[in-house]
Each structure stands twice: as C-alpha cells, then as structure tokens.
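Undergrad: All I have is the shape, not the residue letters:
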C-alpha cells in the first residue's frame with residue numbers, strides 16, 4: 001500500500017509464531033510475512049518465535065523504540081494469554097523506552113474460513129458440496145476456551161454452506177482426535193469425508209493429521225493455511241487494530 005505517493009509508514013510489525021523444530025514451519029511463516037511486506041512496502045516486518053526457533057520475541061524487539069506485535073496464533077490460549085505478555089514484560093524491563101502494542105490472535109476471523117475453503121478447493125473439494133462432511137482440525141489446547149472457539153467456527157461454517165456437516169477435531173489435548181472423527185463420520189454414512197487443517201504451518205501435527213485421517217478413510221486432506229492471501233489480510237488487520245483500536249477497519 002502506498003500512502004500519498006510514499007511507502008507505507010508505521011512502527012515495525014513483529015509477528016510471533018509458535019515455532020517448530022521442523023524448518024518447513026519457519027519457511028511458511030517467512031512466506032506469509034513476505035506477502036505482508038509486499039502488501040505494505042516500507043513497513044518493517046519481522047518474525048519471532050516462542051520456541052524451537054530464533055529469534056525470540058525479546059530478541060526481535062531488541063533495539064526498537066516502538067513495535068506492534070501480532071501473534072501468528074489461530075486461537076487465544078496459553079501462548080497468547082501467558083507466554084507473549086511475559087515476553088513483552090521482559091522486553092520492556094530490558095528497554096524501558098520501548099513502546100509496544102499487541103494485537104489479537106489471527107483467529108477467529110471470517111477470512112480464515114475463506115482460507116480454509118481455498119485450501120479445500122485446491123485439494124479438489126467442491127465448496128459447499130452437500131455430499132461432503134468436513135472435519136475441521138486444530139492443534140488442540142489444554143485451554144477448553146480455545147477448543148470451544150474451534151467448535152464454534154465449525155458450527156458457523158456448517159450454517160453458511162450446504163456441507164453434509166462440519167465438525168471439529170483436535171490433534172492433541174482434546175477429543176475427538178481427527179481420525180476418530182473421520183471414522184465416526186464414515187460409520188454414520190457420510191458420502192465423502194474431507195479434512196481441513198486449521199493449522200498455520202507444516203510440521204509434526206500436519207503430517208500426523210494427514211497420515212492418520214487418510215488411514216481412517218478421509219478422501220482428501222487440504223494443505224495447511226500457510227501464506228494464503230486471506231491470512232496476509234488478517235495479519236495486517238490485526239496490526240491496524242493494535243495501532244488504532246477504535247479505527248482499525250478504516251486503516252487496515
């Protein structure tokens with residue numbers, strides 16, 4: 001975005017992801033942020049990770065006087081409620097002049113459902129096909145509130161389309177597991193069962209979900225969300241919301 005003929009200006013955007021030992025995860029984050037950089041020429045966009053990868057959030061904020069932190073997390077749970085605030089307190093304690101605002105997690109957001117549909121279409125699934133049962137798979141959380149949000153997303157998605165059904169499953173920490181839900185739907189007579197991973201990046205969970213759900217009878221497993229254009233829009237909207245809490249839509 002060019003504003004009045006000049007590159008977009010604003011405090012650095014520090015996007016903080018969970019992090020993984022799998023290098024594909026960081027590559028997916030960087031691909032997403034490259035698209036954000038292309039959408040906002042001149043905006044300093046930096047990656048940070050909570051675990052398993054560098055830089056840490058504290059490290060990414062080092063040397064800055066001002067920043068906006070956007071959690072690259074799909075639901076609000078322990079990482080957004082505890083880990084990120086703790087890291088921000090540490091960063092400010094080290095650099096008292098630092099002014100930092102933190103946006104909300106990426107999800108829930110209607111554009112994420114659009115991104116899920118994009119990935120399903122890429123996997124050959126006709127969107128809204130009444131013969132298709134969709135299993136929406138999240139990583140899962142020990143925080144029941146986060147899991148309830150995923151369940152609500154599934155119910156809203158089911159109401160908005162003519163799918164056979166849309167139900168939630170969790171790769172860890174909650175039930176049902178993805179393979180359990182696929183098996184239940186197959187036994188319930190669903191004509192076709194497909195899986196929509198509500199996951200940001202490839203890695204252990206995504207690989208396990210694909211392997212186990214195909215073995216259980218899933219006809220198609222969509223790709224992770226990754227650098228979908230809809231996610232770029234959400235990242236920039238969350239940045240705007242953190243900067244201008246009462247006028248984010250006008251500035252996004």
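TA: Happy to help now that I have it. As the structure is a prediction and not an experimental result, all values here were calculated from the model. Numbering: from 1, shown residues only.

Undergrad: ok, now which ones touch residue 210?
TA: Going by Cβ atoms under 8 Å, 6 or more residues apart in numbering, residue 210 touches 195, 197, 221. Where C-beta positions appear, they are placed from N, C-alpha and C, glycine not excepted.

Undergrad: Grab the nearest non-local neighbour of residue 208.
TA: residue 171 (6.6 Å; Cβ to Cβ, 6 or more residues apart in numbering).

Undergrad: if I look at that neighbour, how far off is residue 102?
TA: 26 Å (Cβ to Cβ, to the nearest Å).

Undergrad: So which of those two has more stuff around it?
TA: Using other Cβ atoms under 10 Å, the more surrounded residue of residue 171 and residue 102 is residue 171, with 20 against 17.

Undergrad: what sits against the more buried one?
TA: 137, 138, 139, 140, 177, 178, 199, 205, 208, 209.

Undergrad: Distance check, the residue nearest to residue 208 against residue 210.
TA: 11 Å.

Undergrad: Do I have it right that residue 127 meets residue 116?
TA: No: using Cβ atoms under 8 Å, residue 127 is not in contact with residue 116; the gap is 9.7 Å.

Undergrad: number of nearby residues for the closest residue to residue 64 other than its chain neighbours?
TA: In this structure, residue 64 finds its nearest non-sequential neighbour in residue 12, 6.0 Å apart by Cβ to Cβ, 6+ apart. By other Cβ under 10 Å, 18 other residues sit near residue 12.

Undergrad: Ok, residue 155 next?
TA: Using other Cβ under 10 Å: residue 155 sits among 14 other residues.

Undergrad: So which residues make contact with the helix or strand where it lies?
TA: Following DSSP states H and E, one finds residue 155 within helix 144-160. The list of residues contacting helix 144-160 from outside it, by Cβ under 8 Å, 6+ apart, reads 75-77, 107-108, 112-113, 116, 134, 136, 138, 140-141, 163, 165-168, 170, 173-174, 198.

Undergrad: which intervals of the stretch 1-150 of the chain have sub-threshold pLDDT?
TA: By pLDDT under 70, the low-scoring segments of the stretch 1-150 of the chain are 1-8.

Undergrad: Which parts of it are helices?
TA: With DSSP state H, counting those that start in this stretch as the criterion, the stretch 1-150 of the chain has helices at 23-39, 57-61, 78, 84-94, 110-122, 144-160.

Undergrad: right, and those - which one's nearest residue 237?
TA: helix 110-122 (8.2 Å; Cβ to Cβ).

Undergrad: now the strands for this structure?
TA: Along the chain, the segments classed as strands by DSSP state E run 2-3, 6-7, 13-17, 45-49, 66-71, 99-102, 132-138, 165-170, 192-198, 220-221.

Undergrad: list the buried ones in the third one?
TA: Spelled out, that is strand 13-17. Residues of strand 13-17 classed as buried by neighbour count (16 or more other Cβ atoms under 10 Å): 13, 14, 15, 16, 17.

Undergrad: List the contacts of that strand.
TA: For strand 13-17, contacts defined as Cβ under 8 Å, 6+ apart pick out 25-26, 29, 32-33, 36, 43-50, 57, 60-61, 64, 67-73, 84, 87, 200-201, 235, 239.

Undergrad: Could you do the last one as well?
TA: By Cβ under 8 Å, 6+ apart, the surrounding residues in contact with strand 220-221 are 120, 123, 124, 125, 194, 195, 197, 209, 210, 213, 214.
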